[in-house]
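In: Pasting the sequence and the predicted model now:
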Amino acid sequence: MKDNKEEVQIIENQENNSKAKRVLSEEHKKKISESSMGKPGTNTGKIFDDEWKKNISDSLTGRKISEEVKKNMSDAHKGHVAPNRKLNFEIAEKIREEYSFGSITQKELGKKYGISQNCVFDIIKRKTYNK
């Protein structure tokens, strides 16, 4: 057997479902760890089989969320003001008011305030900037 510093890892070979043993030195493990720093979690790109999906679905089925929690979740998303937003609630109200007169288009409002037409649409439909 190798030194105690080396560790045996079991690696599944997904092509033929066999298991191979590979001994990794401490130096090799350190290199692997350093190369993974700052990368997304281990589930990135992973394809989950139907059995796994069913197990997750079954575990969440029937779970009750209280009305208080639902309200808190809803309130957390309403009117959230991020520091990097171009607009505030007052400007959003002006956009709604100007559009309600019918003399200006959403695209023109977007150009006037430096935002996209889609953002103007969301403001008018009160999907964003709600108090």
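Out: Right, received. Where do you want to start?

In: starting at the chain centroid, how far to whichever strand or helix holds Val69?
Out: Per DSSP states H and E: Val69 is located in helix 67-77. Computed by C-alpha atoms, centre = their mean, to the nearest Å, the chain-centroid distance of helix 67-77 equals 19 Å.

In: May I see the buried residues of the following helix or strand past that helix?
Out: Once the chain leaves helix 67-77, the next helix or strand it forms, by DSSP H and E, is helix 89-101. By neighbour count on 16 or more other C-beta atoms under 10 Å, the buried set for helix 89-101 is 92, 95-96, 98-99. Where you see a C-beta, it was placed from the backbone N, CA and C, and this is true even at glycine.

In: quick one: which of the residues you listed is nearest Asn72?
Out: The closest of these to Asn72 turns out to be Ala92 (C-beta to C-beta; 23.4 Å).

In: Identify the residues contacting the residue nearest to that closest one when sequence neighbours are not counted.
Out: Distances taken as C-beta to C-beta, 6 or more residues apart in numbering place Tyr129 nearest to Ala92, at 3.6 Å, with adjacent residues excluded. Neighbouring residues of Tyr129 by C-beta atoms under 8 Å, 6 or more residues apart in numbering: 79, 87, 89, 92, 123.

In: Fine, thanks again, bye for now.
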